[in-house]
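Undergrad: this is a predicted model, with the sequence first.
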Amino acid sequence: MMKGLLQGILPARPLFLPILFSLGARIENVPLKTFLSNPTKISNSLRRIRTHVHSDGVACYFDPNLEAEALGATLQWTAEDQPPSVGWPGRAERGQLPEGIRPVEQAAKSGRIAVAIEVIRRLNTLLRDDSLLMAGVTGPFTLAARMTQLEPEETLRFENFSPAALETAASLITQISSAYVASGANLIFIQEEILPALSAESRDSWAALLSPAINVIRFYEALPVLRLPNGGSSAAREEVIFERGWDCVICVGLDALLSLPSRRIVESAKTPWGVALPLESFQTEEPKSGNVHLPVHDIISEMRPAIVTTAGDVPAGTDLKRVLKVLESVPRHVS
């Protein structure tokens, strides 16, 4: 199915690829900070998760702070099961690269990148062809925004981003993606959580930043998936994005597909696309978007996405029974 997608052939059913990584800390009963640095606990927990979920892929490593830490940021942990805050060395003025940032070549070998590579290698040996091995990297806009302390505001524009930060981000995620696929990863999620307003020109500049990473992923016959931000979606932005051809799967949030204009734009796109379930669905009995089962069932049956995933990694503190309940409601086949 994945190889067909690389050739532009849509699968008979969506690939079911929920991102369940941090939950392994809860399964192993260790703090998230400890879990993220232990390839043995990560590998063991991911195999246990898959026996319950029966997904098409295993989320080998997903941490939105991985690249920032590799570049020299410090992670400040305040709770065992909550993501840390990020601090940068030296002086850092808003909108500019912080002082003392590591060169990309050094950063690509720093932090926990070696841990992620080791997990992929182990699961490649243990699971072989039984499951797609997935990993996530941070998109260039998102990583550049974190490096320069830009907030995801509605008024954020392409011109607000430092060219040096964007170049650094694009180069680093290309090198990390290359290391992941060379180690055996089959699918790389490029997670773009922060995306400015886009014109056709700025969209093409964004595509140029993404192109090296997408090309190296496809060179290894792995599948690149570009996941768009959750919420705050607008049909105007989606139209700008989807009017361009992409060499990857574009993944949009369920909330966007519940909007008729967005739904029509995505449905008519030539680029293969996927749908991401909102993380709120796993954390409350009644998700903000209403009953999860019905809209997902309708979208899969009528629109036939290429993949079904989640809007990011399901948080470590999420109740496992709730996770399984939501995932069991997602149809795995198209009638």
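TA: Sure, I can see it.

Undergrad: which stretches in the stretch 1-150 of the chain count as strands?
TA: With strands called from DSSP state E, counting those that start in this stretch, the stretch 1-150 of the chain shows them at 15-17, 57-61, 74-76, 85-87, 132-138.

Undergrad: report the contact partners of Phe189.
TA: Residues counted as contacts of Phe189 (CB atoms under 8 Å, 6 or more residues apart in numbering) are 19, 62, 134-137, 225, 227, 251, 309. Backbone N, C-alpha and C define where each C-beta goes, glycine included.

Undergrad: what is the helix or strand of the chain with the lowest mean pLDDT packed up against?
TA: In the chain, no helix or strand scores lower on mean pLDDT, DSSP states H and E than helix 293-303, which sits at a mean of 75. The contact analysis (3 or more CB pairs under 8 Å, 6 or more residues apart in numbering; DSSP states H and E) places helix 293-303 against helix 254-257, helix 260-267, strand 273-277.

Undergrad: out of those, which gets nearest to Glu67?
TA: Checking those against Glu67 by CB to CB gives strand 273-277 as the closest, at 20.7 Å.

Undergrad: give the pairing partners of the closest one; include direction for each.
TA: strand 249-253 (parallel), strand 307-310 (parallel) (DSSP bridges).

Undergrad: where does pLDDT dip in this protein?
TA: Applying pLDDT under 70 to the chain picks out residues 91-92, 154, 231-233, 284-294, 334-335.

Undergrad: what about Val181, which SS state?
TA: Val181 carries the three-state label helix when classified by DSSP: H, G, I helix; E, B strand; the rest coil.

Undergrad: from Val137, how far out is it?
TA: Noted for Val181: a distance of 11 Å to Val137, by CB to CB, to the nearest Å.

Undergrad: likewise Leu320?
TA: Distance from Leu320 to Val137, by CB to CB: 27 Å.

Undergrad: among those two, which residue is more densely surrounded?
TA: Neighbour comparison, Leu320 and Val137: the larger count goes to Val137, with 28 against 15 (by other CB atoms under 10 Å).

Undergrad: show me where the stretch 1-150 of the chain has helices.
TA: With DSSP state H, counting those that start in this stretch applied, the stretch 1-150 of the chain shows helices at 2-6, 23-28, 32-35, 39-53, 66-70, 104-107, 113-127, 140-148, listed in chain order.

Undergrad: deepest-packed of the ones you listed, please.
TA: helix 140-148 (a mean of 25; mean count of other CB atoms under 10 Å).

Undergrad: what's that one packed up against?
TA: Other helices and strands packing on helix 140-148, by 3+ CB pairs under 8 Å, 6+ apart, are helix 66-70, helix 163-182, helix 200-219.

Undergrad: for Glu99, which of the ones you listed is the nearest?
TA: helix 163-182 (12.5 Å).

Undergrad: taking strand 132-138 as reference, get the angle to that closest one.
TA: Angle of helix 163-182 versus strand 132-138, following axes from the mean of the first three to the mean of the last three CA atoms, to 10 degrees, is 170 degrees.

Undergrad: could you point out which element follows helix 163-182?
TA: strand 187-191 (DSSP states H and E).

Undergrad: sheet-wise, list the partners of that next one with their directions.
TA: In the sheet, strand 187-191 lines up with strand 132-138 (parallel), strand 223-227 (parallel) (DSSP bridges).

Undergrad: that one versus strand 57-61: what angle between them?
TA: Using the same axes, to 10 degrees: strand 187-191 against strand 57-61 is 60 degrees.

Undergrad: wait, Arg244 sits on Asp204?
TA: Yes. Using CB atoms under 8 Å, Arg244 is in contact with Asp204, at 7.3 Å.

Undergrad: how near is Cys248 to Ile194?
TA: Cys248 is 18 Å from Ile194, by CB to CB.

Undergrad: OK, contacts around Arg146?
TA: 68, 86, 138, 194.

Undergrad: excluding its backbone neighbours, what's nearest the third one?
TA: Translated: Thr138. Residue nearest to Thr138 in three dimensions, not counting chain neighbours: Glu67, with 5.1 Å by CB to CB, 6 or more residues apart in numbering.

Undergrad: would you check how far apart that neighbour and Val86 are?
TA: In terms of CB to CB, Glu67 sits 11 Å off from Val86.

Undergrad: report how many residues lie close to Ser37.
TA: 12.

Undergrad: who's in contact with Ile307?
TA: The neighbourhood of Ile307, defined by CB under 8 Å, 6+ apart, consists of 14-17, 225, 249, 251, 274-275.

Undergrad: not counting its neighbours along the chain, what's nearest it?
TA: Distances taken as CB to CB, 6+ apart place Gly274 nearest to Ile307, at 3.5 Å, with adjacent residues excluded.

Undergrad: my read: the one you found touches Cys251, true?
TA: Yes. Using CB under 8 Å, Gly274 is in contact with Cys251, at 4.1 Å.
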